[in-house]
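**Student:** Kindly generate the corresponding structure for this input.
(one chain, ligands or ions: 2)
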Amino acid sequence: MRKAGRVVAEMHSKTREAVRPGVTTAELDAVARGVLDRRGAKSNFLNYHGFPAVICTSPNDMIVHGIPAPSVRLDEGDIISIDCGAIIEGYHGDAAYTMGVGSISADAERLIRVTEESLWAGIEMMHEGNRLYDIGAAVQKVAEAAGYSVVREYVGHAIGTAMHEDPQVPNYDPGSRGPKLRSGMVFAIEPMVNMGRPGTRLLDDGWSVVTADGSLSAHVEHTIAILDDGPEVLTVPD
Ligand code: MG
Ligand code: MG
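**Tutor:** Ligands and ions are numbered 1, 2, ... in the order given. Have a look, this model is predicted:
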């Protein structure tokens, strides 16, 4: 899973370098495909329930699952969430980031920073002795303390020989602490944080999820293993 995670990290760095005003989301998908091909990795996004690309590209008020297209061109001041995955030797990696296109507003910068902080607060909970829903409770606390809301309808997940394994990992406190965390478990933690209300709406393409109130949304994700001495983030460079 480390090997798969390294490939996902490279998809992140290469697509980050390609994000600029005027780029299309189809061009970003092609950059990510190039990394998969060079590393001999398979895509876990392509053909997933019919998804037509190797990354999801979700600008501005789009929360997740946006479909890359030649007609979607990024503009100065946009924010873009890019979610990538890879399979190596049957094992999966899955991670997402959100960044600005050119220069962005201070409000948008803050949303991205707080969303990243909420992910790291969740990761800090990932050690033996804690329970699964402690992760989302920590995510929610950081996001809401900043005046934002966390999405309820889409959640993180266990990951291994499939991208989406049970159990799910909510990004909020569901009112109980859930199952015990054990060394050897691996989860994809992925806060989706809205500047406004938490509600979501699915667009007619059957994939794209946007904020119901039109507010900006950020999404960040890592694949993290729980080891005897604490969490190891797998979707980072070696
Ligand atoms: Mg993902
Ligand atoms: Mg995921």
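
**Student:** Hmm, residue 202 and residue 211 touching each other?
**Tutor:** No: if you go by C-beta atoms under 8 Å, residue 211 and residue 202 don't touch, sitting 11.7 Å apart. C-beta here means a position set from N, CA and C on the backbone, and glycine is covered the same way.

**Student:** Which one of those two is surrounded by more residues?
**Tutor:** Set side by side, residue 211 and residue 202 show more neighbours around residue 211, with 23 against 12, by other C-beta atoms under 10 Å.

**Student:** Show the pLDDT at the closest residue to residue 228 other than its chain neighbours.
**Tutor:** Using C-beta to C-beta, 6 or more residues apart in numbering and skipping the chain neighbours, the partner closest in space to residue 228 is residue 183 (4.9 Å). Looking at residue 183, its pLDDT is 98.

**Student:** What separation do you get for residue 183 and residue 129?
**Tutor:** 11 Å (C-beta to C-beta, to the nearest Å).

**Student:** Of those two, which one has the most company?
**Tutor:** Ranked by neighbour count (other C-beta under 10 Å), residue 183 and residue 129 place residue 183 first, with 12 against 8.

**Student:** Just confirm the more buried one contacts residue 128, I think it does.
**Tutor:** Yes: using C-beta under 8 Å, residue 183 is in contact with residue 128, at 5.7 Å.

**Student:** shared neighbours of the two, which are they?
**Tutor:** Here residue 183 and residue 128 have 226, 228 as joint contacts, going by C-beta atoms under 8 Å, 6 or more residues apart in numbering.

**Student:** just to revisit the earlier point, which SSE is the residue nearest to residue 228 in?
**Tutor:** Using DSSP states H and E, residue 183 maps to neither a helix nor a strand.

**Student:** got the contact list for it?
**Tutor:** Per C-beta under 8 Å, 6+ apart, neighbours of residue 183: 128, 226-228.

**Student:** any idea how far residue 74 lies from ligand 2?
**Tutor:** 22 Å (C-beta to the ion, to the nearest Å).

**Student:** nope, residue 148 is what I meant
**Tutor:** Counting by C-beta to the ion - residue 148 and ligand 2 are separated by 20 Å.

**Student:** show me the contacts for the closest residue to residue 201 other than its chain neighbours.
**Tutor:** Nearest residue to residue 201 in three dimensions, chain neighbours excluded: residue 212, at 4.8 Å (C-beta to C-beta, 6+ apart). By C-beta under 8 Å, 6+ apart, the residues touching residue 212 are 197, 199-201.

**Student:** Repeat that for residue 68.
**Tutor:** Taking C-beta under 8 Å, 6+ apart, one finds 24-26, 28-29, 53, 55-57 in contact with residue 68.

**Student:** now, which of these lie within helices?
**Tutor:** Counted as lying in helices by DSSP state H, out of the contacts of residue 68, are 25-26, 28-29.

**Student:** Now do the SS call for the closest residue in space to residue 196 that isn't next to it in sequence.
**Tutor:** Using C-beta to C-beta, 6+ apart and skipping residues adjacent in sequence, the residue nearest residue 196 is residue 215, 3.1 Å away. When classified by DSSP: H, G, I helix; E, B strand; the rest coil, residue 215 comes out as coil.
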